[in-house]
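> after the sequence you'll find the predicted model.
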Number of protein chains: 2
Amino acid sequence: MTPTDPGPEGTPPPPTRRRPGGRTARIRQQVLDAVVAELGEHGYDGLTTDAVAARAGVHRTTVYRRWGDVGGLLADVLDAASDDDWQPPDTGSLESDLAALNQEIHTALTTQPPIMAALIAASFRSEKAAEAQQRLWEDRYARCEIIVSRAVRHGELPPHTDARQLLIAATAPLYHQLVLLRTTPDPQLPGRAARTAALAAAAGAFAEPPSACRV
Amino acid sequence: MTPTDPGPEGTPPPPTRRRPGGRTARIRQQVLDAVVAELGEHGYDGLTTDAVAARAGVHRTTVYRRWGDVGGLLADVLDAASDDDWQPPDTGSLESDLAALNQEIHTALTTQPPIMAALIAASFRSEKAAEAQQRLWEDRYARCEIIVSRAVRHGELPPHTDARQLLIAATAPLYHQLVLLRTTPDPQLPGRAARTAALAAAAGAFAEPPSACRV
């Protein structure tokens, strides 16, 4: 959870000695980069802690001690992905914000090598990766709720709009078509799914009745 | 492709001799039932041709010769699933048809043991299973297009409505939440996703402009 925290010094020995701060963070980055590269080249089945260690130029016991197994490595790649300052696009309207968001998702799901698709596939192999994938999506959907609150503020949507359901309706067709149905990528899809969700929202699909106690 | 065709009875001899017709169909059914049972109990990782053969009470070489490997077995389970007379619910309106369809999907995705979820997960492991899963979804979405054509006929939707996109918008949130996001099953989800798609459809989200040559 906090592998980049500086920690207390342990006892020495040479190559595998873990030092706090910069070096720990640097090793983590090297290892996670190696996981992504190996995953992109060989997929889950070709991913081994040994290959990751070799590619990262670190000792295999370092990888083993810190990440445990392939599932632990994948989970850390996914957790590290939240460790950024990503914000959803702010383009001026609900529909165009959703379209821009969907365009990012579409690009991520169709870029070669297919890292995002491989991480999703890995979540069906490893419980640790599945939990980390859930955390990452939760983080992303939570950050995207600002798209809906902006639209509410601008009077585009009623105040009691279920942001999460709206965001899921807008994005789900991309995941369904590209990850599960495995259809050919369709450049119209991001905008079309955004428009569908925006039209449904305008028609009150995600409006929650104000709760009784709020009057 | 037509293993259930009634065929002429062959001559008797012992276990592994393949006879056309009834016995072939019966063996296929025993084997596919065994695949589903093994998958439900042990998941993909516990699925082996030997365990399937033992459970089905057939010789392992029969399984090997006819299905090849675990991927071949899973693909045949998925292909066999299309071999029915399933039709989407006909309840009198677009929204309630979609809600009833979503209820079926929700039930299939949340029933224990989770066979449908396990088959989807298997599609990330086996190319053969992935292709069969695509064929099954294609079959199901094609059969569901009648929901949209009925709604067009009843004047609920404009004539040039993209049936597939409407159906994907209606069903995608279920797959996204239950298969990918792995959220807790929500009994409101089938109806809510149906209503969202119906509202978007009524607002023209899936209306295709009539092509120029049709005038």
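Great, that's in hand. Since the model is a prediction, treat every value here as computed from it, not as a measurement.
> can you tell me the closest non-neighbouring residue to the residue minimising distance to the centre of chain A?
Among the residues of chain A, the one closest to the centroid is A:Leu136, at 4.3 Å (Cα atoms, centre = their mean). By the measure of Cβ to Cβ, 6 or more residues apart in numbering or on different chains, the closest residue to A:Leu136 outside its immediate chain neighbours is A:Leu78, 4.8 Å from it. C-beta here means a position set from N, CA and C on the backbone, and glycine is covered the same way.
> got it, and A:Asp79?
Counting by Cβ to Cβ, 6+ apart, the residue nearest A:Asp79 is A:Ala132, at 5.4 Å.
> contacting residues for that neighbour?
Neighbour list for A:Ala132: A:74-79, A:123 [criterion: Cβ atoms under 8 Å, 6 or more residues apart in numbering or on different chains].
> for chain A, list the residues in contact with chain B, please.
Neighbours of chain B within chain A, by Cβ under 8 Å from any Cβ of the partner chain: A:120-121, A:123-125, A:130, A:134, A:137, A:165, A:168-169, A:171-173, A:175-177, A:179-182, A:192-193, A:195-197, A:199-200, A:202-206.
> switch the cut-off to 6 Å
Residues of chain A that fall close to chain B, judged by Cβ under 6 Å from any Cβ of the partner chain: A:121, A:124, A:134, A:137, A:168-169, A:172-173, A:175-176, A:180-182, A:196, A:199-200, A:203, A:205.
> buried only: go through these for me.
Neighbour-count burial (16 or more other Cβ atoms under 10 Å in any protein chain shown) applied to the residues of chain A next to chain B gives A:121, A:124, A:134, A:137, A:168-169, A:172-173, A:175-176, A:180-181, A:196, A:199-200, A:203, A:205.
> narrow the residues you listed to those in helices?
Per DSSP state H, helices hold the following members of those: A:121, A:134, A:137, A:168-169, A:172-173, A:175, A:196, A:199-200.
> pLDDT added to those, as CSV?
Converted to CSV, those look like this (pLDDT from 0 to 100):
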residue, pLDDT
A:Ala121, 90
A:Gln134, 96
A:Trp137, 96
A:Ile168, 98
A:Ala169, 98
A:Ala172, 98
A:Pro173, 98
A:Tyr175, 97
A:Thr196, 98
A:Leu199, 97
A:Ala200, 97
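> quick one: which of those is nearest B:Asp50?
If you rank those by distance to B:Asp50 using Cβ to Cβ, A:Ala121 comes first, at 26.2 Å.
> elements contacting the lowest-mean-pLDDT helix or strand in chain A?
Among the helices and strands of chain A, helix A:115-122 carries the lowest confidence by mean pLDDT, DSSP states H and E, at a mean of 90. Applying 3 or more Cβ pairs under 6 Å, 6 or more residues apart in numbering or on different chains; DSSP states H and E, one finds that helix A:115-122 contacts helix A:22-42, helix A:94-110.
> how about 8 Å then?
Packed against helix A:115-122 by the contact rule (3 or more Cβ pairs under 8 Å, 6 or more residues apart in numbering or on different chains; DSSP states H and E) you find helix A:22-42, helix A:70-81, helix A:94-110, helix A:127-153.
> which stretch among those helices is buried most, on average?
Most buried of the helices and strands packed on helix A:115-122 by mean neighbour count (mean count of other Cβ atoms under 10 Å in any protein chain shown) is helix A:70-81; its value is a mean of 22.
> from the chain's centre, how far out does it sit?
Put simply, helix A:70-81 sits 11 Å off its chain's centre (Cα atoms, centre = their mean, to the nearest Å).
> export that helix as CSV, just CAs?
Extracted C-alpha coordinates of helix A:70-81, given in CSV (Å, rounded to 0.1, in the frame of the first residue of the first chain):
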residue,chain,number,x,y,z
VAL,A,70,2.7,-12.2,-10.4
GLY,A,71,-0.7,-11.2,-8.8
GLY,A,72,1.1,-8.9,-6.4
LEU,A,73,3.1,-7.3,-9.2
LEU,A,74,-0.1,-6.7,-11.3
ALA,A,75,-1.9,-5.4,-8.3
ASP,A,76,0.9,-2.9,-7.7
VAL,A,77,0.8,-1.8,-11.3
LEU,A,78,-2.9,-1.1,-10.9
ASP,A,79,-2.5,0.6,-7.6
ALA,A,80,0.3,2.8,-9.0
ALA,A,81,-2.0,3.9,-11.8
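> in terms of secondary structure, what does that helix contact?
Using 3+ Cβ pairs under 8 Å, 6+ apart, helix A:70-81 is in contact with helix A:22-42, helix A:49-56, helix A:60-67, helix A:115-122, helix A:127-153.
> among these, show the one with the smallest mean pLDDT.
When these are ranked by mean pLDDT, helix A:115-122 comes last with a mean of 90.
> contacts for that helix?
Contacts with helix A:115-122, where a contact means Cβ under 8 Å, 6+ apart, come from A:36, A:39-40, A:43-44, A:74, A:77-78, A:108-109, A:129, A:133, A:178-179, B:124, B:180.
> equivalent analysis for stretch A:135-150, please.
Under the contact criterion Cβ under 8 Å, 6+ apart, stretch A:135-150 has outside partners A:78-79, A:81-82, A:86-88, A:90, A:94, A:97-98, A:101, A:157, A:161, A:163-164, A:166-168, B:180-181.
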